[in-house]
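J.: What follows is a predicted protein model with its sequence.
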Amino acid sequence: MTRREIWDTVYGAAAAAYEPREARAVAALVCEDRLGLRFTDVIVEPDAPCPLRDDLQRLAFEIGSYRPAQYIAGFCRFCGRKFSLEEGVLIPRPETEELVRTIVERHRSDSGLRILDIGTGSGCIAVTLAAELPDARVTAVDISDTALRIARRNAERHRQTVRFERRDILTGPPEGEFDLIVSNPPYVTESEKRQMSPNVLRYEPHRALFVPDDDPLLFYRAIAGLGRRLFAPGGTVYFEINERFGTQTVELLENEGYREIVLSKDFFGKPRTVSARWK
């Protein structure tokens, strides 16, 4: 097969499932990270021969079945780094990159930070903060054994030291004292499922996504309460949030005794992160 034939096969499968711009992104990710074929290679030498791939039709079927490209490729990119990924672990989003960049910008000059990442998933937040804030001591917790296995792999991949623990923060809080807590917890309500695309609903872990309609701030309340026990004086919490509940999240933190609360918008102009300082 030629490079163009491989690209056309992958893109054709993606175009049948996604709108054109997303289809191109899906095809590019699968071709580069799974097949080792960059789109620039296709442009420069479209007729160059490529070894016949026995799995090409299966890959096309998976794409057409809405299996996320990141799971097909086994990787995702986050803040300029490549992270291992597999089903059972939430795919990092660009909005979370914004949250991490904000933390790095605000705390780059701080030394010896003790950081806790709650619900670490792939470890993208914890590993990136360990890399960008090299004086920090980073602990990351998750309830999922699969997520912790992948997160440890990513820490090793990027040669970062992160302490990982299996914890259900609703029942078993971590031990220690921290200067900074960050979390991108489950925040999509059950009723919002009908608005979500098949690639998310069929494949991504629901436990990492959804909360009950009658308690959408379940994890924020729990983490804010933990902060009262775990924070060193002046400790700071950073949350990624559901755009629908920005005001409610701010009020929750106020009621818990936090101060200097900042609600920030993402690149789409939607409320997306909240930061606050403990007394």
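T.: Thanks, I have it.

J.: top strand in this protein by residue count?
T.: If you go by DSSP state E, the chain has its longest strand at strand 231-240.

J.: what's near enough to touch Tyr11?
T.: By CB atoms under 8 Å, 6 or more residues apart in numbering, the contact list for Tyr11 reads 23-24, 27. Just so you know, the C-beta spots here come from the backbone N, C-alpha and C atoms, and that holds for glycine as well.

J.: hang on, the earlier thing: the longest strand of the chain: which residues count as buried?
T.: For strand 231-240, the neighbour count (16 or more other CB atoms under 10 Å) marks 231, 235-240 as buried.

J.: any idea which of those residues is closest to Asn154?
T.: Asn154 lies nearest to Glu240 out of the buried residues of strand 231-240, by CB to CB, at 18.7 Å.

J.: who does that closest one bridge with?
T.: When assigned by DSSP bridges, Glu240 has beta-bridge partners Thr273.

J.: Looks like it contacts Glu95 (just checking).
T.: Yes: under the criterion of CB atoms under 8 Å, Glu240 makes contact with Glu95 at 6.4 Å.

J.: which neighbours do the two share?
T.: By CB under 8 Å, 6+ apart, the residues touching both Glu240 and Glu95 are 272-273.

J.: Include secondary structure when you put the contacts of Tyr11 into TSV, please.
T.: Output for these, formatted as TSV (DSSP: H, G, I helix; E, B strand; the rest coil):
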residue	secondary structure
Ala23	helix
Arg24	helix
Ala27	helix
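
J.: Now do the strands in the stretch 101-250 of the chain.
T.: Under the criterion DSSP state E, counting those that start in this stretch, strands of the stretch 101-250 of the chain are mapped to 114-118, 137-142, 162-166, 178-183, 188-189, 210-211, 231-240.

J.: mind checking which of those strands is nearest Val200?
T.: Closest among these, once you apply CB to CB, is strand 188-189, at 9.1 Å.

J.: For that closest one, what is the distance to the chain centroid?
T.: 16 Å (CA atoms, centre = their mean, to the nearest Å).

J.: Show me which of the buried residues of strand 231-240 is closest to Ala13.
T.: The shortest approach to Ala13 among the buried residues of strand 231-240 belongs to Glu240, at 31.6 Å (CB to CB).

J.: OK, contacts around that closest one?
T.: Contact analysis of Glu240 by CB under 8 Å, 6+ apart lists 95-96, 99, 183-185, 187, 272-273.

J.: of those, closest to Leu133?
T.: Closest approach to Leu133 among the contacts of Glu240 (CB to CB): Leu99, at 14.1 Å.

J.: Do I have it right that the closest one meets Tyr238?
T.: Yes: judged on CB under 8 Å, Leu99 makes contact with Tyr238 at a distance of 6.2 Å.

J.: Show me what stretch 202-221 is in contact with.
T.: Contacts of stretch 202-221 with the rest of the structure, by CB under 8 Å, 6+ apart, involve 65-68, 71, 87-91, 119, 121, 143-144, 147, 169-170, 183, 185-191, 193, 200, 239, 241-242, 244-245, 248-249, 252-253, 256.

J.: Buried members of those into PyMOL, please.
T.: This is the PyMOL syntax for the buried subset of the contacts of stretch 202-221, where burial follows 16+ other CB under 10 Å:
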select buried, resi 66+67+68+71+88+89+90+91+119+121+143+144+147+169+183+185+186+187+188+189+200+239+241+242+245+249+252+253+256
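
J.: so of the contacts of stretch 202-221, which ones are in helices?
T.: When DSSP state H defines the helices, the subset of the contacts of stretch 202-221 inside them is 71, 147, 200, 248-249, 252-253.

J.: Just give the nearest non-adjacent residue to Ala73, would you?
T.: Excluding its sequence neighbours, the residue lying closest to Ala73 (CB to CB, 6 or more residues apart in numbering) is Asp33, at 3.6 Å.
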